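1. predicted coordinates and the sequence they were generated for:
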Number of protein chains: 2
Amino acid sequence: MKKVNIRASYSSRSRGSPILVVGSVALDSVKTPFGEVKDALGGSATYFGVSASYFAPVRLVAVVGKDFPPRHVRLLESRGIDTSGLVHAPGRTFRWKGYYEYDLNNAHTLDTRLNVFADFKPELSSEHRASPYVFLGNIDPDIQTGVLKKIARPRLVGADTMNFWIERKPAALKEMIRRVNVLIINEAETREFAGEKNLVLAARRIMSWGPGSLVVKRGEYGALLFSKNEVFAAPAYPLENISDPTGAGDSFAGGFMGYLAASGVSSSSKNIFAAMSSAVIFGSVMASFNVESFSLGKLSKLDRKKIAARYAEFIRLTRFA
Amino acid sequence: MKKVNIRASYSSRSRGSPILVVGSVALDSVKTPFGEVKDALGGSATYFGVSASYFAPVRLVAVVGKDFPPRHVRLLESRGIDTSGLVHAPGRTFRWKGYYEYDLNNAHTLDTRLNVFADFKPELSSEHRASPYVFLGNIDPDIQTGVLKKIARPRLVGADTMNFWIERKPAALKEMIRRVNVLIINEAETREFAGEKNLVLAARRIMSWGPGSLVVKRGEYGALLFSKNEVFAAPAYPLENISDPTGAGDSFAGGFMGYLAASGVSSSSKNIFAAMSSAVIFGSVMASFNVESFSLGKLSKLDRKKIAARYAEFIRLTRFA
């Protein structure tokens, strides 16, 4: 197996190949034991996009309302994100209101207002359709499939989903994941989707439905990467200060896909498992930064040096003879 | 920092320095979704002793009743365990009855009969007192301290405890851990003992009370090793077949302490953190074998080749560039 030269690909000046992300841009009101924010910038495409932007160019497709603050668009653009696919529709922006108690693995939803997101029909330009890397945030699986049908010949496709779709649209979800190379979902969703309590067997069953790889997110317990014959386990970074876990999963996916786009691998590369293993660590790095502040506070103010330093800490954290 | 030569120390024919274990030998009746056993061999000293016996000579100090089946003593002795400290007292052997549901991290106790264990007063021979490595299973912290006061000059001392003692005898527990080099407890107990929700801060607080190192066991999520300035994270082995988690923590401790005894490090060795990191992996290896069968079914039938093979699987499981 050929080794991926991470250092070379990660620190090279070329910024990797473009990633298309389709998902939500939202205004979140969140309370945790460590503080609270009101109508702060959030959404799966936002967290993913800002996280991935440190690795590769990002093209964002989403919808917001007329009330969406221009400063949030400027923040996305300051990270070099192509916002030509961000539609400003009549109406209000998608809003989520929730809280966390000390168990930061469980979000409690107080209110969800889809607003303009209820009628989200992603429109893709010819440039969008030519994107080599694609990430589908957690939206209706029929819409996810619709997007994928329009992408000419992607090098690698990742997707997220949630219990809502597993319970309501399992057939559409299975149709979607047939077209996906790596599904990134959390542990409880893995068991629920597969209908199997044992995580290894559950992962194998889901992979039998299409995706060559599965990333199981376990919150403060890290992540597992499964492929047909291999498993890779990564811890989460043990943090002293956690402010807000909102967006951790999407920041993880952004670091994961971002690194893959930076290294140029495709789903059929021989070194794909090794590349995805490093990608899981970069995902964990980005998620660890994200939870240290509310909204995009910390995630939007990183640089490659800080990211590389925390990657090195993951090496120390997991090294044994 | 000097590197530990694991391969050399582990595969050498010299069987390492002796470990004294003081704890329980019990008869367990356990039901899980995968089967059940009645009055099967169990107890913290049993699981620890059999697990550690693959690495170093084990001296076991415990008490059983007159009803204790001689075949169980023969099993311990077949593993080369010195059972001269196993007292056969008038009365019945300690019995535990419990069950697990699909969430194998939580044991549900149906019945506990201390029997002869209620009056357990460990008696140590002069050979016991000269043991260089000591592990105190989960028993009354006053008894644990009493044992430690009798040990001449141990090279390294490890101990376990549980919420029962944290809640009932916190002062005695603090007195005990002052004399211990490494405390091996589970995640919820770490938070409870420290009175701190954040795991990193909780670990640091407990270490400020004495032990130079802390191992936090997280069941199917692996383990964390803390020392003053370093952290090491190990995953659990992702298993397809789990039969019974009883004894996983003690099997872990047996592999952990066993490896340290085999490598000959002391609590003041310069390479102690590196040695403990490898020891955490050996602990995880032994725990992973243990949960694959009920009682000592699998743990008592291993060999160094199987152990080395699974250690190699942990290397593959955690390797990234």
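-> Ah, there it is. Numbering: from 1, shown residues only, chains lettered A, B, ... in the order given.
2. C-alpha only now, for contacts and for neighbours.
-> Will do.
3. near chain B, which residues of the stretch 201-321 of chain A?
-> Contact residues (CA under 8 Å from any CA of the partner chain) of the stretch 201-321 of chain A with chain B: A:201, A:221, A:230-235, A:238-241, A:274, A:277-278, A:316-321.
4. from those residues, keep the buried residues only.
-> A:201, A:221, A:231-235, A:238, A:274, A:277-278, A:317-320 (16 or more other CA atoms under 10 Å in any protein chain shown).
5. which ones are touching the closest residue to chain B within the stretch 51-200 of chain A?
-> Closest contact between the stretch 51-200 of chain A and chain B, by CA to the nearest CA, is at residue A:200 (5.6 Å). Residue A:200 makes contact with B:238, B:239, B:240 under the criterion CA atoms under 8 Å, 6 or more residues apart in numbering or on different chains.
6. where's the first one relative to chain A, distance?
-> Meaning residue B:238. From residue B:238 across to chain A, the span is 6 Å (CA to the nearest CA, to the nearest Å).
7. which secondary structure element is home to that residue?
-> Using DSSP states H and E, residue B:238 sits within no helix or strand.
8. next one: it, what pLDDT does it get?
-> pLDDT, residue B:238: 96.
9. got the phi and psi for it?
-> Per-residue torsions, residue B:238: phi -70, psi 110 (degrees, to the nearest 10).
10. and the closest residue to it other than its chain neighbours, how far is that from residue B:261?
-> In this structure, residue B:238 finds its nearest non-sequential neighbour in residue A:200, 6.5 Å apart by CA to CA, 6 or more residues apart in numbering or on different chains. Look at residue A:200 and residue B:261: by CA to CA, to the nearest Å, they are 33 Å apart.
11. so which of the buried ones among the residues of the stretch 201-321 of chain A next to chain B belong to strands?
-> A:231, A:232, A:233, A:234 (DSSP state E).
12. per-residue confidence at the third one?
-> According to the model's per-residue confidence, residue A:233 sits at a pLDDT of 98.
13. quick check: buried residues in stretch A:181-198?
-> For stretch A:181-198, by 16+ other CA under 10 Å, it's A:181-187, A:189-191, A:193-194, A:198.
14. for chain A, longest helix please?
-> In chain A, assigned by DSSP state H, the helix with the most residues is helix A:272-290.
15. so for it, mean pLDDT?
-> Here helix A:272-290 scores 98 as its mean pLDDT.
16. now it: how far from the chain's centre is it?
-> 11 Å (CA atoms, centre = their mean, to the nearest Å).
17. give the other helices and strands that it contacts.
-> If you count contacts as 3 or more CA pairs under 8 Å, 6 or more residues apart in numbering or on different chains; DSSP states H and E, helix A:272-290 packs onto strand A:223-227, strand A:231-234, helix A:248-263, helix A:304-318.
18. which helices and strands does the second one pack with?
-> Translated: strand A:231-234. strand A:223-227, helix A:272-290, helix B:304-318.
19. what's the shortest one in contact with?
-> Outside strand A:223-227, the residues within contact range by CA under 8 Å, 6+ apart are A:203-204, A:207, A:212-218, A:231-236, A:273, A:276-277, A:280, A:284.
20. what segments of the stretch 1-150 of chain A are helices?
-> With helices called from DSSP state H, counting those that start in this stretch, the stretch 1-150 of chain A shows them at A:6-11, A:44-52, A:70-78, A:126-129, A:141-150.
21. ok, which of the ones you listed comes nearest residue B:153?
-> In terms of CA to CA, the element of the helices of the stretch 1-150 of chain A nearest to residue B:153 is helix A:6-11, at 48.0 Å.
22. show me the shaky parts of the stretch 1-150 of chain A.
-> Filtered on pLDDT under 70, the stretch 1-150 of chain A yields the residue ranges A:1-14.
23. ok, now with 80
-> A:1-15 (pLDDT under 80).
24. show me where it has strands.
-> Taking DSSP state E, counting those that start in this stretch as the criterion, the stretch 1-150 of chain A carries its strands at A:19-22, A:26-32, A:35-42, A:58-65, A:82-89, A:95-99, A:108-113, A:133-136.
25. point out the most buried one among those.
-> Across the strands of the stretch 1-150 of chain A, averaging neighbours per residue (mean count of other CA atoms under 10 Å in any protein chain shown) puts strand A:19-22 on top, at a mean of 30.
26. now residue A:212: how far from residue A:179?
-> 10 Å.
27. same check on residue A:125?
-> Separation of residue A:125 from residue A:179 (CA to CA): 21 Å.
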